[in-house]
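Asker: Predicted model follows, preceded by the sequence.
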Amino acid sequence: MPDEAAARDAAEEASAFSHPVVEPDVSAAYGDHPDQVIDFHAPRTAVATAPLVVALHGGAWRAPYDRKHLSPFCDYLARRGFAVANVEYRRGPGDVPPQGAAVPHQGVKGPVAGRWPETFDDVAAAFDALPALVAEHLPAADVRRTVVTGHSAGGHLALWAAARHVLPVDAPWFTPAAPALRGVVALAPIADLALSEELGVCGGASGQLLGGSPKLFEERRPWADPSLLLPTGIATTIVQGRTDTTVPFAVTEAYADAAAQAGEVVGVTYLEEVGHFPLIDPAADACAVVAEEIAQLAW
């Protein structure tokens with residue numbers, strides 16, 4: 001029932017966005033751009049050291065959505081004993097310029113998704129800077145027990161950040177060694193860009209992220225699509241709502257299938273009667289499932 005599903009999705013989204021922003025204990029820049037910043041949340045439990053969770057927010061890589069909407073989720077994790085780094089990055093440049101402007105997004109209405117290559121530049125730079133920033137600003141964090149999580153578009157970036165060693169060697173973000181991670185917990189990730197574009201996920205956001213034209217999409221996909229960057233050799237779990245209409249579970253299935261074909265097993269936890277937003281909503285039972293999946297990798 002489309003009307004019923006739409007009403008449920010709206011209610012879940014409203015609940016997830018109803019929580020007040022939780023200010024971090026400290027913020028630190030990893031570059032000169034205002035969006036190149038990481039918010040740190042110290043663990044709220046009495047522990048000498050805590051696993052580090054690196055969190056990447058969603059919002060279809062579009063400018064109206066920033067890290068602030070993920071802060072209640074980060075605080076939720078901090079209250080469960082994790083140290084949390086909430087990473088900001090450059091998203092889409094805002095509204096599309098007037099028709100005829102020299103941009104590769106003609107015909108798109110509203111905010112454009114992502115910036116190429118800046119979105120990827122920022123995520124790579126943030127991860128490269130994290131060890132030093134954590135040592136300075138989040139001394140309770142144990143970087144040897146780092147888990148990366150991300151929601152929706154942030155789930156895509158979490159999978160991508162864990163796969164930089166699988167990138168083509170001519171990619172500017174390539175690293176020769178795998179990152180030192182305990183694992184990745186991706187939440188309803190946009191994990192297969194080609195299928196996401198085929199399904200029209202988030203209004204064609206995947207195509208916009210890679211430049212807005214079919215030619216650029218195909219040229220850049222090998223550098224950007226997690227489903228092509230396998231196997232990673234890093235423990236990976238996806239948490240996915242069965243009734244998610246924002247990023248359908250078919251996208252998760254496609255990524256898991258691609259991993260299997262590459263000889264890697266990706267854990268998938270499907271949540272029945274759960275849509276897109278409860279995964280980051282501290283008021284939802286699904287959020288507790290996410291925290292437990294992170295804990296299983298971190299401890």
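Answerer: Happy to help now that I have it.
Asker: contacting residues around Asp66?
Answerer: Asp35, His57, Gly59, Glu88, Arg91 (CB atoms under 8 Å, 6 or more residues apart in numbering). For the C-beta atoms, the positions are set from N, CA and C on the backbone; glycine is no exception.
Asker: Check which helix or strand the residue most central in space within the chain maps to.
Answerer: The chain has Gly154 as the residue nearest its centroid, 1.5 Å off, counting by CA atoms, centre = their mean. Assessed by DSSP states H and E, Gly154 sits inside helix 153-161.
Asker: swap in Phe40?
Answerer: Going by DSSP H and E, Phe40 is in strand 37-41.
Asker: ok, which pair from the contacts of Asp66 is furthest apart?
Answerer: Using CB to CB, the two most remote members of the contacts of Asp66 are Asp35 and Gly59, lying 12.7 Å apart.
Asker: list residues touching both of those two?
Answerer: Common neighbours of Asp35 and Gly59 are listed as Asp66, Arg91 (criterion: CB under 8 Å, 6+ apart).
Asker: And these two? Which one has more around it.
Answerer: Each of Asp35 and Gly59 has its neighbours counted (other CB atoms under 10 Å); Gly59 has more, 22 against 17.
Asker: So which residues of the stretch 51-200 of the chain form helices?
Answerer: Remark: helices of the stretch 51-200 of the chain, listed N- to C-terminal, are 71-79, 118-137, 153-161, 193-199; assignment by DSSP state H, counting those that start in this stretch.
Asker: who does the longest strand seen in the chain pair up with?
Answerer: The residue-count maximum for a strand in the chain (DSSP state E) belongs to strand 141-151. According to DSSP bridges, strand 141-151 forms sheet pairs with strand 50-56 (parallel), strand 183-187 (parallel).
Asker: now the shortest one: how far from the chain's centre is it?
Answerer: If you compare the mean C-alpha spot of strand 183-187 with that of the full chain, they lie 9 Å apart, counting by CA atoms, centre = their mean, to the nearest Å.
Asker: pLDDT on that strand, on average?
Answerer: Mean pLDDT, computed over strand 183-187, is 98.
Asker: returning to that earlier point: mind saving the C-alpha coords of the strand holding Phe40 as CSV?
Answerer: C-alpha atoms of strand 37-41 as CSV (Å, rounded to 0.1, in the frame of the first residue of the first chain):
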residue,chain,number,x,y,z
VAL,A,37,35.9,19.1,10.4
ILE,A,38,35.4,16.2,12.8
ASP,A,39,33.2,16.3,15.9
PHE,A,40,34.4,14.1,18.8
HIS,A,41,32.2,12.6,21.4
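Asker: got the contact list for it?
Answerer: 22, 24-30, 67, 71, 74-75, 77-78, 83-88, 126, 129-130, 133-134, 137-138.
Asker: Then stretch 269-278?
Answerer: 8-9, 12-13, 15-17, 152, 188, 237-247, 249, 279, 284-287, 289, 293.
Asker: buried subset of those?
Answerer: 8-9, 12-13, 16, 152, 188, 237-241, 243-244, 246-247, 249, 279, 284, 286-287, 289, 293 (16 or more other CB atoms under 10 Å).
Asker: what is the orientation angle of the lowest-mean-pLDDT helix or strand in the chain with strand 141-151?
Answerer: Ranked by mean pLDDT, DSSP states H and E, the weakest helix or strand in the chain is helix 2-16, scoring a mean of 87. Put simply, helix 2-16 runs at 150 degrees to strand 141-151, going by axes from the mean of the first three to the mean of the last three CA atoms, to 10 degrees.
Asker: Which residue, other than its chain neighbours, is closest to Asp122?
Answerer: Tyr89 (3.8 Å; CB to CB, 6 or more residues apart in numbering).
Asker: Any idea how many residues pack against the residue lying closest to Ala135 once chain neighbours are set aside?
Answerer: Using CB to CB, 6+ apart and skipping the chain neighbours, the partner closest in space to Ala135 is Val143 (7.9 Å). The number of residues packed near Val143 is 18, by other CB under 10 Å.
Asker: Generate TSV for the contacts of Asp66, with distance to Leu229 as supplementary columns.
Answerer: Shown next, in TSV, are the contacts of Asp66 (distance: CB to CB, whole Å):
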residue	distance to Leu229
Asp35	24
His57	21
Gly59	22
Glu88	23
Arg91	21
